[in-house]
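Q: Sequence and computational prediction follow.
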Amino acid sequence: MSEAQVKVHVDKVNKSYGENHVLRDISLDIAENEVVVMIGPSGSGKSTFLRMLNQLETPDNGTIIVDGYDISDKNTDINKVRENIGMVFQNFNLFNNYTVLENIMLAPVELKKLDKVAAEKKARELLETVGLSDKADMPVSSLSGGQKQRIAIARALAMTPDIMLFDEPTSALDPEMVGDVLDVMKNLAESGMTMIIVTHEMGFAKQVADRVVFFESGKIQESGTPDQVFDAPKNERLQEFLSKVTHA
Amino acid sequence: MKKIWMFCVAFLATVTMMMGITKVDAAQPNYIITTDATYPPFDFQDKNNQYTGIDQEILKTIAKREGFTYTLKPMSFNAATQSVTSGQADAVIAGMSITDERKQVFDFGTPYYKSGIAWAVKKGSTIKSLKDLKGKTVAIKTGTAGADYALSIQKKYGFKVTYFSDSDTLYNDVINGNSQATFGDLPVLQYTIKNGTKLKVMNPTNPYEAGWYGFAVKKGDNAQLLAAFNKGFAAIKKDGTYQKIVNKYLGAPASEFTGSKSDNSSVFGILKSNENAFMKGLWQTILLTLFGIIFASLWGVLLGIMGVSQNSVIRGVSTTIIYIFRGMPLMVLAFFIYIGLPGVIGTKIPAFTAGVITLILNEGAYTGAFVRGGFEAVDKGQMEAARSLGFTYGKSMYKVIMPQGLKIMVPSFINQFIITLKDTSILSAIGILELTQTGTLIVSRNSQGFRVWAIIAVIYLVVITLLTWFSNWVEKRTRS
Ligand SMILES: Nc1ncnc2c1ncn2[C@@H]1O[C@H](COP(=O)(O)OP(=O)(O)O)[C@@H](O)[C@H]1O
Ligand SMILES: [Mg+2]
């Protein structure tokens, strides 16, 4: 992996909440266009790790370089860096005080100073790609969970990010909604987006991941291609974890 | 939303101009003199809602002869005296007894009226002396000098006492024979009797614990005014004007000052004969409420925003301000600003201004607390989503959190507006002639407590209803 290709560089990062040592000496490099899926039991530190990549959480020590910016450096303008990192949350977090279209347009208009006409055109295109053109002028409260999550993805994409972070994007959805969201994500992966995804959807992981990373007790216990991780797991805890999720 | 703001600005501009016009020409010597207008026959409002009484007529006559002008500021007795000691006013005339204690802080003019405690019985009663009270019941009014005196001689004469908080009920109790006597201020009893109460004063010429009433200025201040008062008083005493004034109030029939019976014995009559006073009082209440609501909301929103700041110092400032002003009783705050502060900063603060500042600080603190709470009640995910897109904290607040928070707060705002309206009544204590103070003055003249307070209560309810409708209308507009 050459330097230029590295989109995310994490080196010896630690994070504690009081006595709770949540991340222990984590190091990980992610290349451009790479799709990394993170799996692991609940409480193992996946969300904390993901949220550290856009500074929603700050590490206690270690280095994090994203998109060429050292975000563990206090002098970095984190807001500028965040404009290039899209994030999708488990609970969607659409802005309740705006319509669907306004949700998508808000950041480009306010932060990129895009004029409203151009922003709206782009927003409508994005609505098209997530298959929700007819919802443009709806208040977000009228949408189903699956629709909300697709709008949330569109909102993040409107800033034309280089990297997309997903924290259990389908965990809050009814089963019949999951497919639509995963389809949008698959298309995004195929278009070459660099993606880091926390999920429990093992089938999806097998299909789209370039690399699967197993988190346990704040450590990366194992990582490799989907074939290596799912079909020939070496780590004992990973084996245990896989047997639980596949037989559930 | 814009229209509402424009209305507010226009409204404030108009009122400010109106207040400017009423200012007195600075070149003329003009004194501010306080009184307590709930003390007939010395200080009260007549049927035309003009301030009158023995004190007021003496003052008016002397001012005219000695060539000075004054602005009369009626307020509660305590506020009236403290306004002078704090320099907010130049002098006080309020049926105020000259005591050694008061001489420490006031310079008194020539004593102008001898007063003291008298006792009275029902007209035609067989009781002739205090000794006849043995085993009988004496009616006294809570907290008065008359009550203190009665209690001090209770053992000696062996009577029972029964307490009242309202003079009319007390007099009726004696007249109906439930109790046999009462103790009170001599001139007040005399005035009541002249106004038709069927009692008889037993010691009209030798009141107990006799003392003198005096006109007072702050010790060491306003020597010129005091000299003018004394000179004028000597003159009216000499030429008989003084005695005429006293006789006028202690010898006149009831209707002379309080209005005809029909004007006082029905709700409609009271409304009609005091229409102007009610309207003026209502207008003051509305002005106070509007100023209070507008500025307390602005101040409260600012406190609320400070309360969710990322900077812990700013948060601390907000918390402290809210803590202090939410914890302080409104009346204490009003007295502090109106009476306490001018002594320290050296400038007078008009009562209305002091009242509005009081409302802003007190209601603003409550507003600040629920505004902060409203912002905090917005789901944390909203802030995270905004930040993840690259919005700064401030911009996230402004674009995402505040609009949602304010919506949550709408019912709290409406509630606070109603509380503000009700709280304006407390400002009557610093002499703002709003609705409650208007009621106090009318009742002290005509003793129609039930009817007058019922009228005042209904007016408040009507205004509160209108305010609620207006608030709900605004709420609907902001929703769409
Ligand atoms: N803000 C926080 N304060 C205290 N503890 C936290 C906080 N966020 C997460 N934790 C703790 O950190 C650990 C890892 O949490 P998380 O990263 O959410 O795990 P995962 O996403 O893998 O389920 C858990 O023990 C959790 O309780
Ligand atoms: Mg998680």
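A: Perfect, I can see it now. Ligands and ions are numbered 1, 2, ... in the order given.

Q: near ligand 1, which residues of chain A show up?
A: Residues of chain A lying close to ligand 1 (CB under 6 Å from any ligand atom) are A:17, A:20, A:22, A:40, A:42-48. To be clear about C-beta, it is placed using only N, CA and C from the backbone, and glycine gets the same treatment.

Q: Wait, residue B:267 touches residue B:454, no?
A: Yes. With the criterion set as CB atoms under 8 Å, residue B:267 and residue B:454 qualify as a contacting pair; they are 6.9 Å apart.

Q: rewinding a little: show the buried residues in the residues of chain A next to ligand 1.
A: In the residues of chain A next to ligand 1, burial by neighbour count holds for A:22, A:40, A:44-48, counting by 16 or more other CB atoms under 10 Å in any protein chain shown.

Q: Dihedrals phi and psi, residue B:74?
A: phi -80, psi 140 (degrees, to the nearest 10).

Q: ok, the residues of chain A next to ligand 1 vs chain B, which is closest?
A: Checking the residues of chain A next to ligand 1 against chain B by CB to the nearest CB gives residue A:47 as the nearest, at 11.4 Å.

Q: got the contact list for the closest one?
A: Shown in contact with residue A:47 (CB atoms under 8 Å, 6 or more residues apart in numbering or on different chains): A:167-168, A:198.

Q: try 7 Å this time
A: Listed by CB atoms under 7 Å, 6 or more residues apart in numbering or on different chains, the contact set of residue A:47 reads A:167, A:198.

Q: And for residue B:360?
A: Contact analysis of residue B:360 by CB under 7 Å, 6+ apart lists B:292, B:295-296, B:299.

Q: ranking those residues by neighbours, who comes first?
A: Top of those by neighbour number is residue B:292, holding 27 neighbours under the definition other CB atoms under 10 Å in any protein chain shown.

Q: Lowest average confidence across helices and strands of the chain, where is it?
A: Looking at chain A here, since you left the chain open. Lowest on mean pLDDT, DSSP states H and E among the helices and strands of chain A sits helix A:236-246, with a mean of 90.

Q: Show me which residues of chain A sit near chain B.
A: Where chain A comes near chain B, counting by CB under 7 Å from any CB of the partner chain, the residues are A:54, A:56, A:79-80, A:82-83, A:87, A:89, A:91, A:93, A:95-97, A:106-107, A:110-111, A:159.

Q: PyMOL command to pick out the buried ones of these?
A: A single PyMOL command suffices to select whichever of the residues of chain A next to chain B are buried according to 16+ other CB under 10 Å:
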select buried, chain A and resi 54+56+79+82+83+87+89+91+93+95+96+97+106+107+110+111+159
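
Q: In TSV, list the buried ones among the residues of chain A next to ligand 1 along with pLDDT.
A: Rendered in TSV, the data for those read as follows (pLDDT from 0 to 100):
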residue	pLDDT
A:22	95
A:40	95
A:44	95
A:45	95
A:46	96
A:47	96
A:48	96
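
Q: so of the residues you listed, which ones are in strands?
A: Among these, DSSP state E puts residue A:22 in strands.

Q: In helices only, show me the buried ones among the residues of chain A next to ligand 1.
A: With helices taken from DSSP state H, the overlap with those comprises A:46-48.

Q: Could you dump these into a markdown table and include distance to residue B:335?
A: Output for these, formatted as a markdown table (distance: CB to CB, whole Å):
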| residue | distance to residue B:335 |
| --- | --- |
| A:46 | 61 |
| A:47 | 56 |
| A:48 | 55 |
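
Q: just those now: which is nearest residue B:279?
A: residue A:47 (65.0 Å; CB to CB).

Q: could you dump stretch B:308-315 to CSV, C-alpha only?
A: Extracted in CSV, the C-alpha atoms of stretch B:308-315 (Å, rounded to 0.1, in the frame of the first residue of the first chain):
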residue,chain,number,x,y,z
VAL,B,308,-25.5,25.3,26.6
SER,B,309,-22.3,27.0,25.5
GLN,B,310,-19.2,24.9,25.0
ASN,B,311,-17.3,27.3,27.2
SER,B,312,-17.7,26.3,30.9
VAL,B,313,-17.2,29.9,32.1
ILE,B,314,-20.1,31.2,30.0
ARG,B,315,-22.2,28.2,31.2
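
Q: and that stretch, anywhere near chain A?
A: No. For stretch B:308-315, no contact with chain A is found by CB under 7 Å from any CB; the gap never falls below 13.2 Å.

Q: For the stretch 1-150 of chain B, which segments are assigned as strands?
A: All strands of the stretch 1-150 of chain B, identified by DSSP state E, counting those that start in this stretch, fall at B:30-35, B:44-45, B:51-52, B:69-74, B:91-92, B:106-108, B:113-122, B:137-141.

Q: which one of the ones you listed lies closest to ligand 1?
A: For the strands of the stretch 1-150 of chain B, proximity to ligand 1 was assessed by CB to the nearest ligand atom; strand B:69-74 is nearest, at 59.0 Å.

Q: Good, we can wrap up now.
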